[in-house]
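Peer 1: requesting a structural model of the entry that follows:
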Amino acid sequence: MLAYDADLELFRDNFKRFMSEQIAPHYDQWEREGIMPRSVWSALGENGFLCVDVPEEYGGYGVPTHYSLMLVEESARAGYCALSTAISCHSEIAAPYIQHIATEEQKQYWLPKMVSGEVVGAIGMTEPGAGSDLQAMRTSAILQDDHYVLNGSKTFISNGQHADLVVLAVKTDPQARAKGVSLMLVDTHLDGFKKGTNLDKIGLHSQDTSELFFDNVKVPKDQLLGQAGQGFAYLMQELPRERTAIAATALGAIRGAIDLATAYVKERQAFGQAISQFQNTRFVLAQAKIDELATAAFYNQNVELYNEGKLDVETAAALKSFSTDMQMKVADNLLQLFGGYGYMTEYPISRFFVDARIQRIYGGTNEIMKEIVARGIIGKA
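Peer 2: Residues are numbered from 1 along each chain as shown. Down below sits the predicted model:
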């Protein structure tokens, strides 16, 4: 288990204070508008809540990874899963690719800007015809002299509207499958780079999600991330952290839903008594707590393994599947305690429910997670 860390708890308190002052007063409005303002990123950066485990020479604090993951968890617990997902995509997904794979020049250029919030990061993998099957992607980047010519499109890109930088998966060899995949750092301000409209989702309303289009975008050759043709290997290397971050959101959301339900059942009266006195209510809450403890134990184990450089693809996939299934289950069961009020958007438990649904899809569907686990047991079918 992760030991008690006084510095981490102080950092947690500072972040909770930041959310109460700068997020809580506006979040409902952002949800109605379908997007958070760009200024949120500047505020997060100014207050030191982005890419905190990035080494100090690139602007970060150089703290252990669980400090960074705590921000993802706490924002979800507060009921701001859209914020949790946004921070996760920026700090837990995009930044680590640069930190672990990029050249020194690329790190010096991009990471300080991501720490400050000047640059918002995203990752571009999913395409209209290639979701979990990344080898089927068709977006291409063909080398011509000192640049790559980028053509194609991506969809369901989190942080897509605000993104200044996209870690993009492309085919540098369109005839190959996995061996033809490369990664590159694409500045969204380049000519020919176009952002589609902000996609309308059933949940995570204020978290911007976009289609991206590339029409003969000239990406400088020096913005290739790592080696050409090694993109799929890099994805497999970095996906365990992404899936652990998704689990951090799940764990935070489970805890937040329990917080809401516990307060509600103590106040709500039925048949002359608080509904917290009914056995069914007590058993539902007890089961939610048991599910939280199981999720937390599995999650903490994964974080420890990641910090030790021992987290493998199968274990991370198992955690992602387990934690997000549990998040959906807990949100559904606890919403039931609210009766008809749970179906009303004015009650925050309803947001916990709709925001949970995407967690079983992105980062690789839970069906794909089970296939990964199965391959670790018995090999490919």
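Peer 1: just confirm residue 160 is within a helix.
Peer 2: No - Residue 160 is assigned coil when assessed by DSSP: H, G, I helix; E, B strand; the rest coil, not a helix.
Peer 1: and the residue nearest to it when sequence neighbours are not counted, helix, strand or coil?
Peer 2: Once flanking residues are discounted, residue 160 sits nearest to residue 210: 2.7 Å by Cβ to Cβ, 6 or more residues apart in numbering. (C-beta placed from N, C-alpha, C; glycine too.) The three-state label given to residue 210 by three-state DSSP is strand.
Peer 1: got it, and residue 123?
Peer 2: strand.
Peer 1: ok, which stretches of the stretch 251-381 of the chain are strands?
Peer 2: Shown for the stretch 251-381 of the chain, the strands assigned by DSSP state E, counting those that start in this stretch span residues 269-270, 273-274.
Peer 1: circling back: for the residue nearest to residue 160, give the beta-bridge partners.
Peer 2: When assigned by DSSP bridges, residue 210 has beta-bridge partners residue 157, residue 198.
Peer 1: and it, how far is that from residue 153?
Peer 2: Distance, residue 210 to residue 153, by Cβ to Cβ, to the nearest Å: 11 Å.
Peer 1: between the two, which one's more packed in?
Peer 2: Shown here are residue 210 and residue 153; by other Cβ atoms under 10 Å, residue 210 has more neighbours (23 against 18).
Peer 1: OK, contacts around the residue nearest to residue 160?
Peer 2: 157, 160, 161, 163, 195, 196, 197, 198, 199 (Cβ atoms under 8 Å, 6 or more residues apart in numbering).
Peer 1: in stretch 365-380, which residues are buried?
Peer 2: 365, 366, 368, 369, 371, 372, 373 (16 or more other Cβ atoms under 10 Å).
Peer 1: could I get that stretch in CSV with only the CA atoms?
Peer 2: Provided in CSV are the C-alpha atoms of stretch 365-380 (Å, rounded to 0.1, in the frame of the first residue of the first chain):
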residue,chain,number,x,y,z
THR,A,365,-13.1,-1.1,-24.7
ASN,A,366,-13.5,-3.4,-21.8
GLU,A,367,-14.1,-6.3,-24.2
ILE,A,368,-10.6,-5.6,-25.7
MET,A,369,-9.2,-5.4,-22.1
LYS,A,370,-10.5,-8.9,-21.5
GLU,A,371,-9.0,-10.1,-24.7
ILE,A,372,-5.6,-8.7,-23.6
VAL,A,373,-5.9,-10.5,-20.2
ALA,A,374,-6.9,-13.7,-22.0
ARG,A,375,-3.9,-13.5,-24.3
GLY,A,376,-1.7,-13.3,-21.2
ILE,A,377,-3.2,-16.5,-19.9
ILE,A,378,-3.6,-18.7,-23.0
GLY,A,379,-2.2,-16.7,-25.9
LYS,A,380,-3.9,-15.5,-29.1
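Peer 1: average pLDDT for that stretch?
Peer 2: For stretch 365-380, mean pLDDT is 94.
Peer 1: again with stretch 199-219
Peer 2: 97.
Peer 1: buried stuff in it?
Peer 2: So stretch 199-219, judged by 16+ other Cβ under 10 Å, has buried residues 201, 203-214, 217-219.
Peer 1: quick one: end-to-end distance for it.
Peer 2: 26 Å (Cα to Cα, to the nearest Å).
Peer 1: and that stretch, how far out from the chain's middle?
Peer 2: With Cα atoms, centre = their mean, to the nearest Å as the basis, stretch 199-219 stands 15 Å off its chain's centre.
Peer 1: need the contact partners of stretch 267-286.
Peer 2: So stretch 267-286 is in contact with 258, 261, 262, 265, 266, 333, 334, 336, 337, 338, going by Cβ under 8 Å, 6+ apart.
Peer 1: same thing but at 10 Å, please
Peer 2: 258, 261-266, 330, 333-334, 336-339, 341 (Cβ atoms under 10 Å, 6 or more residues apart in numbering).
Peer 1: buried sites along that stretch?
Peer 2: So, applying 16+ other Cβ under 10 Å, buried residues of stretch 267-286: 275, 276, 281, 284, 285.
Peer 1: need those residues in TSV (columns: pLDDT and distance to residue 76).
Peer 2: As requested, these are exported to TSV (pLDDT from 0 to 100; distance: Cβ to Cβ, whole Å):
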residue	pLDDT	distance to residue 76
275	94	26
276	95	24
281	97	24
284	98	21
285	98	19
